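Chemist: predicted coordinates and the sequence they were generated for:
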Amino acid sequence: MNLEEYKGVYVFAQQVDNVINNIAFELVGKGKDLAEALGTEVTAVLVGSGVKDLADQLAEYGADKVIVVDDPELKEYRTEPYAHALASVINKYKPEIFLVGATAIGRDLGPRVSARIHTGLTADCTQLDIGDFPLAPVPGKEQKHNQLLMTRPAFGGNTIATIACPDFRPQMATVRPGVMQKRARQAGVKANVEEFNPGFTPDHKYVEILEVVKAVANTVDIMDAKILVSGGRGMGSPENFKMLEDLAEVLGGQVSCSRAVVDAGWKPKDLQVGQTGKTVRPNVYFAIGISGAIQHLAGMEESDIIIAINKDESAPIFDVADYGVVGDLNKIVPALTEKLRAEIAKNN
Amino acid sequence: MKVVVCIKQVPDTKGGVKFNPDGTLDRAAMMTIMNPDDKAGLEAALRLKDQYGAEVTVLTMGLPKAEDVLREAMAMGADKGVLVTDRVLGGADTWATSQTLAGALRNMDYDLIITGRQAIDGDTAQVGPQISEHLNIPVISYAQSLKIDGDSVIVERQYDDRYHVLKAKMPCLITALAELNEPRYMTPGGIFDACKAEITVWGRADLKDVEDSNLGLKGSPTQIAKASDKVRKGAGEKVNLDPAESVDYIVGKLKEKHVI
């Protein structure tokens, strides 16, 4: 493999139902940072059926170029045709870096593609930098420059590791949604589009979709919320979440929850914060009746302000909370909601 | 029908994590359990055994002591256990691990391969899909239900806001979510039999159609630059007040930070 042939930063622009997922804009933003450090460009790869019209949105968030792979076989996500699309793009354009969102789609697609083209893939990254590998010179070992350094949590958030892929290209990573920042939108920017279709011939690896069952969208995605009021097992019952909904409503926020709450069947999976749920970084995160297992902390500790209410003084949530209140949530939360309602009314 | 379940012995992350000087995990120093998603995959296979008389083989790669996790699976009801262990396979990333397991699977009969979605140590979710690619068979990840329909499987595949009902012809590979089922317990008779059962132990030479350059630390495209304990931001203030004072405290902070 001639590593020098591989140029440019490419990102997979995930869309579902012809709506571009936020992770695509986040990857374009991060990809732009990396491209600037390398003196190159960021290219978004948009895959689907009838998706060409979406390309300008990617340009508005900073994509220098958009490769569109458009084919009826790509209407709904399926592993094989999407893997074929990305592997073909990589073989033709030879990017040095390829980023994919660590979504339920990306975490299936990324490994299949990396195995097909024989390169490394680092999962679920929370930080990406350009730097040297090894980090410091080691006698007898070549130190390579301008490498992608991929940092990720492991062991349920107990450790972090920085990984490089010095001898294979592209350097591939899946990136955790909600962690990278998108750039400010430049309205009206037109995309530099290149269309590419490698041909799609169904074979034994094309699975058949019998049915698509959409969950009823109840609220705004918790990853987009500025204020989250999150409840844990300590809420005691699904009915008690009404208190949190009232508090969230007063503050214009959303309700989210811990894994225990989803496991108990009190709330749907799309409201779950944490290692196996979503990573959130709202302006304010209320952790109410949440003990703060390390897997939960991994999904919310980047929030600007963390306010914890818990009756157990030794709960680990207090180790990351900016403001910890030891006490009975059943007494504090309703009173807090009323007081805030009064304060906000006074301000208006 | 023959089902192979790939299972992994993982450190119980509640017990803390230890590293070797080269930044790889010191697995020998940690308490271990069967990876939870894999256990759900095993339970799914055992239900196929109950329902259709499927033969269930569990496959693992690891240190010699990973034999324990195979015996646990056999005590739950698996028929056979295969341990792939060899010094040259150590330090593998997901590419080299999937190459190793694919090399073992090429020497086994299977209609269906089940892996857990992800292991709680690495959390990558990569090895299952990568095995399927090396074996050139279909993959369905994130399975939340599984049934058999003639020569095919029908699987509910979970996404963030929906699920797809997918049909794939066997042989194929699915990765199981812990939500798939509630794994059964080992039975006393099963434990007794599993203690005596013979475990097949394979080394490098028993892997089919895999080059040395794709195995172990040397065959791993990804390399660790550094690994360390996570540095968390320190705790802030903690107060223990009566409810009314607690409310005033929180409202005060929200005002101070211009949230309201």
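Modeler: Received, thanks. From a predicted model like this one, the values you see are computed outputs, not experimental measurements. Residues are numbered from 1 along each chain as shown, chains lettered A, B, ... in the order given.
Chemist: find the closest residue to chain A in the stretch 101-250 of chain B.
Modeler: Chain A sits closest to B:Pro221 of the stretch 101-250 of chain B, with a gap of 3.1 Å, by CB to the nearest CB. In this view, the C-beta of every residue, glycine as well, is placed from N, C-alpha and C.
Chemist: what count of nearby residues applies to that residue?
Modeler: B:Pro221 sits with 24 neighbouring residues when counted by other CB atoms under 10 Å in any protein chain shown.
Chemist: also B:Cys195?
Modeler: 10.
Chemist: please report phi then psi for it.
Modeler: Dihedral angles of B:Cys195 (phi, psi; degrees, to the nearest 10) stand at phi -60, psi -40.
Chemist: show me the contacts for it.
Modeler: By CB atoms under 8 Å, 6 or more residues apart in numbering or on different chains, the contact list for B:Cys195 reads B:Arg71.
Chemist: where exactly do the helices run in the stretch 101-250 of chain B?
Modeler: For the stretch 101-250 of chain B, the helices defined by DSSP state H, counting those that start in this stretch occupy B:127-135, B:188-196, B:243-256.
Chemist: looking at those, which is buried most?
Modeler: For the helices of the stretch 101-250 of chain B, the largest average neighbour count (mean count of other CB atoms under 10 Å in any protein chain shown) is found in helix B:127-135, namely a mean of 27.
Chemist: what is it packed up against?
Modeler: helix A:106-117, strand B:2-6, helix B:94-105, strand B:112-116, strand B:139-149, strand B:172-176 (3 or more CB pairs under 8 Å, 6 or more residues apart in numbering or on different chains; DSSP states H and E).
Chemist: what's the closest of these to B:His258?
Modeler: Ranking the helices and strands packed on helix B:127-135 by proximity to B:His258 (CB to CB) places helix A:106-117 first, at 36.2 Å.
Chemist: beta partners for residue 227?
Modeler: Using chain A here. A:Val284 (DSSP bridges).
Chemist: hm, I was asking about chain B
Modeler: In beta-bridge terms (that is, DSSP bridges), B:Ala227 pairs with A:Ala161.
Chemist: against B:Ala178, how distant is it?
Modeler: 26 Å (CB to CB, to the nearest Å).
Chemist: more neighbours: these two, which one.
Modeler: Each of B:Ala227 and B:Ala178 has its neighbours counted (other CB under 10 Å); B:Ala178 has more, 22 against 19.
Chemist: ok, now which ones touch B:Asp12?
Modeler: Listed by CB under 8 Å, 6+ apart, the contact set of B:Asp12 reads B:30-33.
Chemist: an error on my part: the question was meant for A:Asp70.
Modeler: If you count contacts by CB under 8 Å, 6+ apart, A:Asp70 has them with A:48-52, A:195, A:197.
Chemist: quick one: A:Gln57 is in a strand?
Modeler: No. Under DSSP: H, G, I helix; E, B strand; the rest coil, A:Gln57 sits outside any strand and is assigned helix.
Chemist: how near is the closest residue to it other than its chain neighbours to B:Leu42?
Modeler: Counting by CB to CB, 6 or more residues apart in numbering or on different chains, A:Gln57 lies nearest to A:Ile20, which is 5.7 Å off, once chain neighbours are set aside. Counting by CB to CB, the gap from A:Ile20 to B:Leu42 is 38 Å.
Chemist: how about B:Pro138, what does it touch?
Modeler: A:79-80, A:204-207, B:132, B:168-169, B:172-173.
Chemist: now, of those, which are buried?
Modeler: Among the contacts of B:Pro138, the ones that count as buried by 16 or more other CB atoms under 10 Å in any protein chain shown are A:79-80, A:205-207, B:132, B:168-169, B:172-173.
Chemist: just those now: which is nearest B:Glu198?
Modeler: Looking across the buried ones among the contacts of B:Pro138 and measuring by CB to CB, the closest to B:Glu198 is B:Leu173, at 26.3 Å.
Chemist: pLDDT weak spots in chain A?
Modeler: A:156-157, A:216-220 (pLDDT under 70).
Chemist: and the residue of it found nearest chain B, what is it in contact with?
Modeler: At 3.1 Å from chain B, A:Gly120 is the closest residue in chain A, using CB to the nearest CB. Contact analysis of A:Gly120 by CB under 8 Å, 6+ apart lists A:114, A:163, A:165, A:168, A:171-172, B:93, B:95, B:220-222.
Chemist: out of those, the closest to A:Lys311 would be?
Modeler: Out of the contacts of A:Gly120, the member with the shortest distance to A:Lys311 (by CB to CB) is A:Ile163, at 40.5 Å.
Chemist: can you confirm that closest one is in a strand?
Modeler: Yes. Counting by three-state DSSP, A:Ile163 is found in a strand.
Chemist: just give me the neighbour total for it.
Modeler: 27.
Chemist: then B:Asp161?
Modeler: The tally of other residues near B:Asp161 (other CB under 10 Å) stands at 15.
Chemist: quick one: pLDDT of it?
Modeler: We have a pLDDT of 81 for B:Asp161.
Chemist: for the spatially closest residue to it that is not a sequence neighbour, what are its contacts?
Modeler: Spatial nearest neighbour of B:Asp161, excluding adjacent residues (CB to CB, 6+ apart): A:Ala215 at 5.3 Å. Taking CB under 8 Å, 6+ apart, we find A:Ala215 in contact with A:268, A:270, B:161-163.
Chemist: switch the cut-off to 7 Å
Modeler: A:268, A:270, B:161-162 (CB atoms under 7 Å, 6 or more residues apart in numbering or on different chains).
Chemist: just B:Leu146 next, same as before
Modeler: B:Leu146 neighbours (CB under 7 Å, 6+ apart): B:44, B:153, B:155, B:174, B:180.
Chemist: can you dump the C-alpha coordinates of the helix or strand of chain B with the lowest mean pLDDT into PDB?
Modeler: Lowest by mean pLDDT, DSSP states H and E among the helices and strands of chain B is strand B:223-229, with a mean of 87. C-alpha atoms of strand B:223-229 as PDB (Å, rounded to 0.1, in the frame of the first residue of the first chain):
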ATOM      1  CA  GLN B 223      -2.000   0.600  17.400                       C
ATOM      2  CA  ILE B 224      -2.300   2.100  20.900                       C
ATOM      3  CA  ALA B 225      -0.600   5.500  21.200                       C
ATOM      4  CA  LYS B 226      -1.500   5.800  24.900                       C
ATOM      5  CA  ALA B 227      -4.000   4.500  27.400                       C
ATOM      6  CA  SER B 228      -4.800   5.900  30.700                       C
ATOM      7  CA  ASP B 229      -7.400   6.200  33.400                       C
END
